[in-house]
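model the following, please.
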Amino acid sequence: MKLYKPKFWDHKNFISLSLFPVSLIIQLVILLKKKFTKVSSFKIPIVCIGNIYVGGTGKTPLSILVSKELSKVGKKPVIIRKYYKEHMDEHSMIKENFNHLILNSDRTGAIQEAQNKNFDTAILDDGFQDYKIKKDLSIICFNSNFEGNDFVIPAGPLRENLNSIKNAQIIVINGYKNLKFEKKILEINNNIDIYYSKYKAINYAKFSQKELLVITGIGNPENFLELLNSHKLKIAKKYIFPDHYTFSKEELNNFKSEAKKNGYQIICTEKDYHRIKKYSVDEIDFLRVELVLEKKETLIKKIQDIYD
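So this is what the prediction gives:
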């Protein structure tokens, strides 16, 4: 979905309240789907890493991290993603960072393929709202700068009601510690485990003496900009586009011309880079990051418990 986050999603206001009746209809549809959808079970454990908030929450980096860690303890996981042509950037990024990925327009078909190929764990990168799949463990991702009016789309930023947290076992919050949000989560589900993660920049030093022209089309560009600022990198100009934005060759050439004229270095995220690398991108570089998970061993142990 290529969209900018509307400002009215942050608060209850005239626009969001006007759209609220539509949100109620969507919530009713969701409830009916949950009630009447036939649920399929599988021979291998299903770990779902999803979200209930529209936009980037770090699902894919966490899916890669969990898959790598399970591999280290002798498991044979595979990442499952629903195929969307416009999400090829994320598919490409996974393939570069982890060996095993299955794409299918139907996740159940992908899981069946995983079983046939003798994988012993399916990691669903997204899919919390796929009610036909029985999950053995569900992890929901949030950003610590989460803001919203608690309404479901289109009146607010939620894919489903926050009460759906009751169906998850783990929350991973990306960013700074947010005790207010933790309290809100625990009021809904006081049995849920909460972990924190953060992005660590690997190659930021190479940009330290440069003025940067930032181009990005991701779900939560604030995280990227905050990471650049945290390393005191100088942002001279920035161009923010919707998530999964398809840059044209002409646009990239215009950015290159502007950068050359002003002595800027063009920088983007790794996800952006996988969208534009089909063009000549010698003048464009990306900030390489890794996800650091607090209490990683504890979380991985909790996942391992599903095998018992």
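
strands along this structure, start to end?
Using DSSP state E, the strands found in the chain span residues 46-50, 77-82, 101-104, 121-125, 137-143, 170-174, 193-201, 211-216, 234-240, 264-269, 284-287, 289-293.

could you dump these into JSON lines and include distance to Lys183?
(C-beta placed from N, C-alpha, C; glycine too.) Converted to JSON lines, the strands of the chain look like this (distance: least, C-beta to C-beta, whole Å):
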{"stretch": "strand 46-50", "distance to Lys183": "22"}
{"stretch": "strand 77-82", "distance to Lys183": "32"}
{"stretch": "strand 101-104", "distance to Lys183": "37"}
{"stretch": "strand 121-125", "distance to Lys183": "28"}
{"stretch": "strand 137-143", "distance to Lys183": "14"}
{"stretch": "strand 170-174", "distance to Lys183": "12"}
{"stretch": "strand 193-201", "distance to Lys183": "10"}
{"stretch": "strand 211-216", "distance to Lys183": "32"}
{"stretch": "strand 234-240", "distance to Lys183": "31"}
{"stretch": "strand 264-269", "distance to Lys183": "31"}
{"stretch": "strand 284-287", "distance to Lys183": "33"}
{"stretch": "strand 289-293", "distance to Lys183": "22"}
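
what's the closest non-adjacent residue to Lys177?
Sequence neighbours aside, Tyr196 is the residue nearest to Lys177 in space, at 6.4 Å (criterion: C-beta to C-beta, 6 or more residues apart in numbering).

can you redo the strands of the chain as CSV with mean pLDDT?
Listed next are these as CSV, based on pLDDT from 0 to 100:
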stretch, mean pLDDT
strand 46-50, 98
strand 77-82, 97
strand 101-104, 96
strand 121-125, 97
strand 137-143, 96
strand 170-174, 97
strand 193-201, 96
strand 211-216, 98
strand 234-240, 97
strand 264-269, 97
strand 284-287, 96
strand 289-293, 95
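
and these: which comes nearest Ile306?
Closest to Ile306 of the strands of the chain, according to C-beta to C-beta: strand 137-143, at 5.3 Å.

put together JSON lines for the strands of the chain, with distance to Pro154 and mean neighbour count on each row.
Shown next, in JSON lines, are the strands of the chain (distance: least, C-beta to C-beta, whole Å; neighbours: other C-beta atoms under 10 Å):
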{"stretch": "strand 46-50", "distance to Pro154": "20", "mean neighbour count": "25"}
{"stretch": "strand 77-82", "distance to Pro154": "22", "mean neighbour count": "24"}
{"stretch": "strand 101-104", "distance to Pro154": "28", "mean neighbour count": "18"}
{"stretch": "strand 121-125", "distance to Pro154": "25", "mean neighbour count": "26"}
{"stretch": "strand 137-143", "distance to Pro154": "20", "mean neighbour count": "22"}
{"stretch": "strand 170-174", "distance to Pro154": "25", "mean neighbour count": "23"}
{"stretch": "strand 193-201", "distance to Pro154": "29", "mean neighbour count": "17"}
{"stretch": "strand 211-216", "distance to Pro154": "24", "mean neighbour count": "21"}
{"stretch": "strand 234-240", "distance to Pro154": "21", "mean neighbour count": "15"}
{"stretch": "strand 264-269", "distance to Pro154": "27", "mean neighbour count": "23"}
{"stretch": "strand 284-287", "distance to Pro154": "33", "mean neighbour count": "21"}
{"stretch": "strand 289-293", "distance to Pro154": "31", "mean neighbour count": "17"}
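
quick one: which of these is nearest Ser16?
strand 137-143 (19.8 Å).

if we can go back for a sec, for the residue nearest to Lys177, give the beta-bridge partners.
Beta-bridge pairing of Tyr196 under DSSP bridges involves Ile173.

compare the strands of the chain and give me the one nearest Ile185.
strand 170-174 (5.7 Å).

what helices and strands are in contact with the closest one?
Where contact means 3 or more C-beta pairs under 8 Å, 6 or more residues apart in numbering; DSSP states H and E, strand 170-174 is packed against strand 137-143, helix 179-188, strand 193-201, helix 296-304.

the inter-axis angle of the first one versus helix 296-304?
Read it as strand 137-143. Between strand 137-143 and helix 296-304, the angle comes out at 140 degrees (axes from the mean of the first three to the mean of the last three C-alpha atoms, to 10 degrees).

off-centre distance for strand 137-143?
Distance, stretch centre to chain centre, for strand 137-143: 10 Å (C-alpha atoms, centre = their mean, to the nearest Å).
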